[in-house]
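Asker: mind looking at a prediction? Sequence and model below.
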Amino acid sequence: MSSGLHSNFLNRCKQTIGVLFYLGLMLLQPLILLAVVVSFASSPIFWFCASLYLIWYISDFETPRHGARFSESIYNWSIWTDLANFFPIEVIKTAEIPPDRNYIFSAHPHGILGTSSTILFSTNGLNFRGLFPGIKMHPVTLGMNFWIPFRREFILALRIISSDRESINYVLSLPKEGNAVGMAPGGAAEALEAHPGSHRLILANRKGFIKLALQNGASIVPVYHFGETDLYNQVNNSDGSLIRKIQRYLKASKWPTFPLAYGQNELAAVLSDEWCAKLPTWLRRGLMPYRRRIVTIVGAPMDVEKVSAPSNELINKVHAEYCARLRELFNAHKVKHGGLGHDVQLEIV
């Protein structure tokens, strides 16, 4: 094997490890924790340590609502760069984001796992700090993620906060400016629309982030991830299908709804595209995302005036303006950076 091929193979291995670490944190950590509890349930030392952690958890319960914490070293881990280079992801900055005010970064689409938003907002794997100096990002996640021991401490160290209004208002009302909240308004519902080539956003009735921006006078920054929906294939769940009916029933019943998605496995991830193509389909499938290029476009801030109690009419007006700006951002970059045809349109439902 030549030195060039050897170096390329090692890089693919490093990048694959980065993805496995990310997936382990996102999907497997709760199962690993459960296995540890079952394995050591009869140990007095285990329950002593668990009791100490419970005391810490109770005393630290409000931290996810009060700006979280921050670990410089974890934020700058090289594994985040390996994760970003797996696809790879490129960030296009279209305007300056001055640190003289607070912001809501609103990212679309969510995709299956929200991978691009996680890397951009939660880590320095895409050089967020260099691109947007002076901006202190606070990504949001569902409150249930803070119920899981050790995952809680890890995501708090990345300055991730709970997605409830109290947490977001706390950050946006801090006296020092340059604070930002990063979110994907489409959420889990939008994950069900994440099919390759799809540009369908759950946004028409998602106006909570607009209200929060108005109440705090925070500028809104539109972000679009071209390629995010191409990372996984999803079982057909078109309107009227049995799978979509089940998903809607679970959602209406307040149960978690998950997309039935699949990608590639570790073997396919480390092999070159040429060798991977020689494998039978069944030997390539897995839960890892595909290596597909993502281009993230960060738009210009949309400034709003602070209104403590905005009317529905004002919220609707600002929401319509935001959707129009998002369409403009999409159309301006869909051909050059998205690799799409001129006729492809952004669908907002």
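Answerer: Here it is on my side, so go on. Numbering: from 1, shown residues only.

Asker: so how far is the first residue of stretch 19-33 from its last?
Answerer: Terminal residues of stretch 19-33 are spaced 20 Å apart (C-alpha to C-alpha, to the nearest Å).

Asker: need the residues that contact it.
Answerer: For stretch 19-33, contacts defined as C-beta atoms under 8 Å, 6 or more residues apart in numbering pick out 79, 83, 86, 113, 115, 118, 148-151, 154, 266, 269, 287-289. Glycine gets a C-beta too; all of them are placed from N, C-alpha and C.

Asker: where along the stretch 51-200 of the chain do the helices fall?
Answerer: Remark: helices assigned in the stretch 51-200 of the chain by DSSP state H, counting those that start in this stretch are 72-75, 78-86, 115-122, 128-131, 151-157, 165-172, 187-191.

Asker: return the most buried member of these.
Answerer: Most buried of the helices of the stretch 51-200 of the chain, by mean neighbour count (mean count of other C-beta atoms under 10 Å): helix 115-122, with a mean of 25.

Asker: ok now it, how far from the chain's centre?
Answerer: Its chain's C-alpha centre and that of helix 115-122 lie 5 Å apart, by C-alpha atoms, centre = their mean, to the nearest Å.

Asker: who's in contact with that helix?
Answerer: So helix 115-122 is contacted by 22, 80, 83-84, 89, 91, 105, 107, 110, 125-126, 128, 137, 139, 155, 158-160, 182, 184, 223, 225, 227-228, 231, 289, 294, 296 (C-beta under 8 Å, 6+ apart).

Asker: same thing but 7 Å
Answerer: 80, 83-84, 89, 91, 105, 107, 125-126, 128, 137, 139, 158, 160, 182, 184, 225, 228, 231, 289, 294, 296 (C-beta atoms under 7 Å, 6 or more residues apart in numbering).

Asker: same question for stretch 272-286.
Answerer: By C-beta under 7 Å, 6+ apart, stretch 272-286 touches 262-266, 268.

Asker: including neighbour count, could the residues you listed go into a markdown table?
Answerer: As requested, those are exported to a markdown table (neighbours: other C-beta atoms under 10 Å):
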| residue | neighbour count |
| --- | --- |
| 262 | 15 |
| 263 | 20 |
| 264 | 22 |
| 265 | 16 |
| 266 | 15 |
| 268 | 21 |
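
Asker: among the residues you listed, which ones are in strands?
Answerer: If you go by DSSP state E, these have 262-264 in strands.

Asker: and the residues you listed as JSON lines, adding distance to residue 254?
Answerer: Below are these laid out as JSON lines (distance: C-beta to C-beta, whole Å):
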{"residue": "262", "distance to residue 254": "26"}
{"residue": "263", "distance to residue 254": "29"}
{"residue": "264", "distance to residue 254": "33"}
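
Asker: reformat the helices of the stretch 51-200 of the chain as a markdown table; add distance to residue 49 and mean pLDDT.
Answerer: Shown next, in a markdown table, are these (distance: least, C-beta to C-beta, whole Å; pLDDT from 0 to 100):
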| stretch | distance to residue 49 | mean pLDDT |
| --- | --- | --- |
| helix 72-75 | 22 | 96 |
| helix 78-86 | 27 | 98 |
| helix 115-122 | 28 | 98 |
| helix 128-131 | 35 | 97 |
| helix 151-157 | 14 | 92 |
| helix 165-172 | 29 | 96 |
| helix 187-191 | 33 | 91 |
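
Asker: about what we covered before: so which of the contacts of helix 115-122 are in strands?
Answerer: Applying DSSP E to those, the entries found in strands are 89, 91, 105, 107, 137, 139, 182, 225, 294, 296.

Asker: quick one: pLDDT of the fourth one?
Answerer: pLDDT, residue 107: 98.

Asker: wait, it sits on residue 185?
Answerer: No - assessed by C-beta atoms under 7 Å, residue 107 is found out of contact with residue 185, at 8.2 Å.
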